[in-house]
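> predicted model follows, preceded by the sequence.
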Number of protein chains: 2
Amino acid sequence: MGCGFGWHCRYAREQQAAAVVGVDISEKMLERARNTTHDPAITYIQQAIEDIDFTADSFDVVISSLALHYVAAYEVVCHKVYDCLKSGGTFALSVEHPVFTANAAQDWYYDAQGTRLHWPVDRYQAEGLRKTRFLDTDVIKYHRTVATLLNTLLAVGFSIRHISEPQPSPEIIEQYPEMRDETRRPIFLMMSVVKP
Amino acid sequence: MGCGFGWHCRYAREQQAAAVVGVDISEKMLERARNTTHDPAITYIQQAIEDIDFTADSFDVVISSLALHYVAAYEVVCHKVYDCLKSGGTFALSVEHPVFTANAAQDWYYDAQGTRLHWPVDRYQAEGLRKTRFLDTDVIKYHRTVATLLNTLLAVGFSIRHISEPQPSPEIIEQYPEMRDETRRPIFLMMSVVKP
């Protein structure tokens, strides 16, 4: 869900998925996904994530990587994913971390010399729209707290299996020293949940 | 666990608990707890939380309110609580929020006029000891990430039932306007988990 150029769709097939459906709202991205996917077992659908309408109990796994913080209707999506998963099926999702999205600036706090002093958190409990800039473009995101992200999944019926706040490994930091800042605040929240 | 002056012990009895055991490392606190508790169904034990050694499957509920961020052996505690709970029993715990404990200063970031600009997060992924000051006293705390707090409970065998990052209600903020800052960053993480 939010498959973009289709990387995770092709990855799922490499991991022996029998068939994969990729959903994305952007026809431009799907065009590139189709052009780089030569696999009849992968289908792409142009659709907003919150509009999915799949057969109940039909999927083993649903993946959404760094897409749902762009979607207002998080609870609707959780319900729809729950419905289309088989019993025992997994929903693996990641979003920008609430610590990352809370403050609308979504940037480090710098001193006068341009040194990153720390990551500023503000408006954490004020869930909802955040207007941010990314590569000179206005971007709309939706901030939700950790509690809301998890409790919504629980209320829909999912069991939580694992949480991750990924960080670069020591080897990666050795190779790219500037990545050390990625250990100073969480940037992503990943959740693996199961339909009982 | 970490019952201090015994408030939660007395509260549990008011909620019809048949019997309550309160554990705290501080004999001073327990002395005051005993002096304000006139109830033969409440027992106080002077012990470090990580040293508890109760009969397996013997409790319906274990509560630990804002104590475990002072304890290094979080995983040991989770194991021991799991063991002493009956099947279907609840472990309700709260800790200072990882957003609160990450930065050793554990204070707002102020401008030159003393205005609270934001809450600074740093060293989030560096779990472990934090030396802080509280009311002119050195205090040792242990910072853990959200992922570690939850995954440890899951690995021990608990199911997560509900998460809370409490904030003051609009009525409280109306009454105490300075409490509005408590909505700017999460201060507590509360977790309710069940032994299946």
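Sure thing, it's come through.
> for the helix or strand of chain A with the lowest mean pLDDT, C-alpha coordinates in CSV please.
Every helix and strand in chain A was compared by mean pLDDT, DSSP states H and E; the lowest is strand A:128-134, with a mean of 91. What follows is strand A:128-134, C-alpha atoms only, in CSV (Å, rounded to 0.1, in the frame of the first residue of the first chain):
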residue,chain,number,x,y,z
GLY,A,128,-3.4,16.0,12.7
LEU,A,129,-2.1,17.9,9.7
ARG,A,130,1.5,19.1,9.4
LYS,A,131,2.5,21.3,6.4
THR,A,132,6.2,20.7,5.8
ARG,A,133,8.7,21.4,3.0
PHE,A,134,10.7,18.6,1.3
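> for chain B, see how far away the residue nearest the centre of chain A is.
The residue lying closest to the centre of chain A (C-alpha atoms, centre = their mean) is A:Leu66, at 2.3 Å. Plainly put, A:Leu66 is 17 Å away from chain B if you go by C-beta to the nearest C-beta, to the nearest Å. Quick note: C-beta positions are derived from backbone N, CA and C, even for glycine.
> isn't that residue up against A:His97?
No - judged on C-beta atoms under 8 Å, A:Leu66 makes no contact with A:His97 at a distance of 10.6 Å.
> shared neighbours of the two, anything?
Listed as contacting both A:Leu66 and A:His97 by C-beta atoms under 8 Å, 6 or more residues apart in numbering or on different chains are A:Phe188.
> how about the residues of chain A that lie near chain B?
Taking C-beta under 8 Å from any C-beta of the partner chain as the criterion, chain A approaches chain B at residues A:99, A:102-103, A:109, A:117-126, A:145-147, A:150-151, A:154, A:159-165, A:167, A:183-186, A:189.
> show me which strand runs longest in chain A.
Longest strand of chain A, by residue count under DSSP state E: strand A:85-96.
> so how far is that one from its chain's centroid?
With C-alpha atoms, centre = their mean, to the nearest Å as the basis, strand A:85-96 stands 11 Å off its chain's centre.
> and the strands in chain A?
Under DSSP E, chain A gives strands at A:20-24, A:42-46, A:59-65, A:85-96, A:109-110, A:116-121, A:128-134, A:137-143, A:159-164, A:188-194.
> the last one pairs with which strands, and in what direction?
Looking back up the chat, that one is strand A:188-194. Strands that pair with strand A:188-194, judged by DSSP bridges, come out as strand A:85-96 (antiparallel), strand A:159-164 (antiparallel).
> can you redo the ones you listed as TSV with mean pLDDT?
Formatted as TSV, the strands paired with strand A:188-194 follow (pLDDT from 0 to 100):
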stretch	mean pLDDT
strand A:85-96	98
strand A:159-164	98
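> in JSON lines, list these along with distance to B:Val62 and mean neighbour count.
Listed next are the strands paired with strand A:188-194 as JSON lines, based on distance: least, C-beta to C-beta, whole Å; neighbours: other C-beta atoms under 10 Å in any protein chain shown:
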{"stretch": "strand A:85-96", "distance to B:Val62": "30", "mean neighbour count": "19"}
{"stretch": "strand A:159-164", "distance to B:Val62": "20", "mean neighbour count": "18"}
